[in-house]
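Undergrad: Fold the following.
(one chain, ligands or ions: 1)
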Amino acid sequence: MSTAQLIDLRSDTVTQPDAEMRRVMATAPVGDDVIDVDPTVDRLQRTIAEVLGLEAAMFMPSGTMTNQVAVRLHCRPGDEFLCEEGCHIYNYEQGAFAQLSGTIARTVIGRRSVLSVEQLQDLIRPDNEHAVRTRLLCLENTHNRGGGVVLPLENVRSVTGWAKANGLACHLDGARLFNAVVATGVTASEWASHFDTVSVCFSKGLGAPVGSALLGPRALINEMRRHRKLFGGGMRQSGIIAAGALYALEHNIPRLQQDHVHAQLLADAVRSSGVLQLDPEVVDTNIVIFRVDTAGWTAADFCQAAKQRGVWLLPFSRRHVRAVTHLHIREEDALRAGKIVAELAASGPQTN
Ligand SMILES: *Cc1c(COP(=O)(O)O)cnc(C)c1O
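TA: Got it, this is the predicted structure:
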């Protein structure tokens, strides 16, 4: 089977720009955003800042860079930040916070990926020469490794309130913040209002080919720009890609709802298999993670067998498989993928 025919559920990053997105990218007015300004980047930055209700935004090539610039903004070498143990900043960015900024992460295992004040309140280091300095709290919403769970707004309020009262800055990795917006009806600016800095990705469910933004107060923008340049993220005629991000932002937020509906169809298929186990059991947004060892499979073998039948999934651990819905997945694709997953569950691994 050619990869073009596969139902690709590996990630919501696999989407291709459609003809109209490509047209607006090709025709976008551009400048030199390192010398001074690119008009399309400027428009994107103003637009996303307005959507999130924060003062200023800076366009960067990736969410890894926006997160790492945020860590560097809030922390000096030898400082520590608190984060949930499954978070992207800790697990999927090569420990860049240590490699690039000399900082330390202190991880805490959340309940369904959600941290509580009770868990955090004794973790601020004492102010003496033996200890690193605790500076920052990082949250992730929706939580990727947590299976796309939405952090409850009340919880975000309480832990960030605690952090601020104790002198910590707060950063939100909102790579999939708009999935949380659509799932809850809580506006992006309400979510963002609890943080000093917020990172959002245009290249996940929104379907742009490239780019993320880091948002925060205007007073931090010069430092943000310095760190972006240091990390190699100063880009010239970047309006070409910013135009795709702007198009995604203007057109693709409401339709995330469909991705969530399609994820529920997949979750239903996993549940109805009787042997596969959703983990977490509740699917909040567009990510479905399930155990396959309960049906005798390893994740790698399950994904290989699924691919032979036309469904591309991601092994997420030795036992877990991940499926992510996105703008190329139609209802019929989700139903078909669910049917194949259920069939593999019933057949078990074939031994030859
Ligand atoms: C994808 C993602 C990022 C950023 O990833 P890049 O590939 O560097 O753009 C950051 N945080 C989370 C939670 C993500 O899922």
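Undergrad: helices and strands around the helix or strand hosting Leu136, which ones?
TA: Element membership for Leu136 (DSSP states H and E) is strand 133-140. Taking 3 or more Cβ pairs under 8 Å, 6 or more residues apart in numbering; DSSP states H and E as contact, the helices and strands that strand 133-140 lies on are helix 63-74, strand 79-84, helix 88-91, helix 153-165, strand 169-174. The way it works is simple: take the backbone N, C-alpha and C, and place the C-beta from them, glycine included.
Undergrad: now with 7 Å?
TA: In terms of contacts (3 or more Cβ pairs under 7 Å, 6 or more residues apart in numbering; DSSP states H and E), strand 133-140 is packed against strand 79-84, helix 153-165, strand 169-174.
Undergrad: average pLDDT across the strand or helix carrying Val270?
TA: Using DSSP H and E, Val270 sits in helix 256-272. Averaging pLDDT along helix 256-272 yields 98.
Undergrad: Check which helices and strands the next helix or strand along the chain from that helix sits against.
TA: The element immediately downstream of helix 256-272 (helix or strand, assigned by DSSP H and E) is strand 277-278. Judged by 3+ Cβ pairs under 7 Å, 6+ apart, the packing partners of strand 277-278 are helix 256-272, strand 287-291.
Undergrad: Within the sheet, what are the partner strands of strand 277-278, with directions?
TA: Strands adjacent to strand 277-278 in the sheet, as given by DSSP bridges, are strand 287-291 (antiparallel).
Undergrad: Run the angle between the partner strand and helix 256-272 for me.
TA: Here strand 287-291 runs at an angle of 10 degrees relative to helix 256-272 (axes from the mean of the first three to the mean of the last three Cα atoms, to 10 degrees).
Undergrad: what sits up against strand 287-291?
TA: 144, 147-148, 263, 266-267, 270, 276-279, 316, 319-324 (Cβ atoms under 7 Å, 6 or more residues apart in numbering).
Undergrad: Check those one by one and keep those near the ligand.
TA: Restricting the contacts of strand 287-291 to those within reach of the ligand (Cβ under 6 Å from any ligand atom) leaves Asn144.
Undergrad: what about the chain, any weak spots by pLDDT?
TA: For the chain, the stretches flagged by pLDDT under 70 are 1-2, 351-352.
Undergrad: Take the helices and strands packed on strand 133-140 and lay them out in TSV including mean neighbour count and distance to Gly53.
TA: What follows is those, written out as TSV (neighbours: other Cβ atoms under 10 Å; distance: least, Cβ to Cβ, whole Å):
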stretch	mean neighbour count	distance to Gly53
strand 79-84	23	24
helix 153-165	17	15
strand 169-174	26	13
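Undergrad: Strands of the protein, start to end?
TA: 7-8, 56-60, 79-84, 104-108, 133-140, 169-174, 197-201, 212-216, 277-278, 287-291, 311-312, 314-315, 320-324 (DSSP state E).
Undergrad: Residues of the stretch 101-250 of the chain that sit close to the ligand?
TA: Glu140, Asn144, Asp173, Ala175, Cys201, Ser203, Lys204, Ser212.
Undergrad: hang on, isn't Ser158 packed against Val117?
TA: Yes - contact criterion Cβ atoms under 7 Å: Ser158 and Val117 qualify, at 5.5 Å.
Undergrad: give me the beta-bridge partners of Thr134?
TA: The partner residues for Thr134, given DSSP bridges, come to Glu80.
Undergrad: I'd say it and Ile124 touch.
TA: Yes - between Thr134 and Ile124 there is a contact under Cβ under 7 Å: 4.5 Å.
Undergrad: between these two, who's got more neighbours?
TA: Thr134 (23 against 19; other Cβ atoms under 10 Å).
Undergrad: can you tell me how far that one sits from Gly95?
TA: Note on Thr134: its distance to Gly95, by Cβ to Cβ, to the nearest Å, is 18 Å.
Undergrad: same deal with Val292?
TA: 29 Å.
Undergrad: same question, Gly310
TA: On the measure of Cβ to Cβ, Gly310 and Gly95 end up 37 Å apart.
Undergrad: so what's Gly147 up against?
TA: Pro280, Val283, Ile287, Ile289 are the contacts of Gly147 under Cβ under 7 Å, 6+ apart.
Undergrad: And for the residue in the chain that the ligand sits nearest to, the neighbour number?
TA: Residue nearest to the ligand within the chain: Gly63 (2.4 Å; Cβ to the nearest ligand atom). Neighbour count for Gly63, taken as other Cβ under 10 Å: 27.
Undergrad: residues touching it, list them.
TA: Ala175, Ser199, Cys201, Ser212.
Undergrad: what about it, distance to Thr197?
TA: 13 Å.
Undergrad: just His262 next, same as before
TA: 32 Å.
Undergrad: Kindly report the same for Asn166.
TA: Taken as Cβ to Cβ, the span from Asn166 to Thr197 is 18 Å.
Undergrad: of those two, who's got more company?
TA: Neighbours were tallied for Asn166 and for Thr197 using other Cβ under 10 Å; the higher tally belongs to Thr197 (27 against 13).
Undergrad: my guess is the more buried one meets Gly216, correct?
TA: Yes - with contact defined as Cβ under 7 Å, Thr197 and Gly216 form a contacting pair (4.0 Å).
Undergrad: Which one of the contacts of Gly147 is nearest to Glu84?
TA: Nearest to Glu84 among the contacts of Gly147 is Pro280, at 13.6 Å by Cβ to Cβ.
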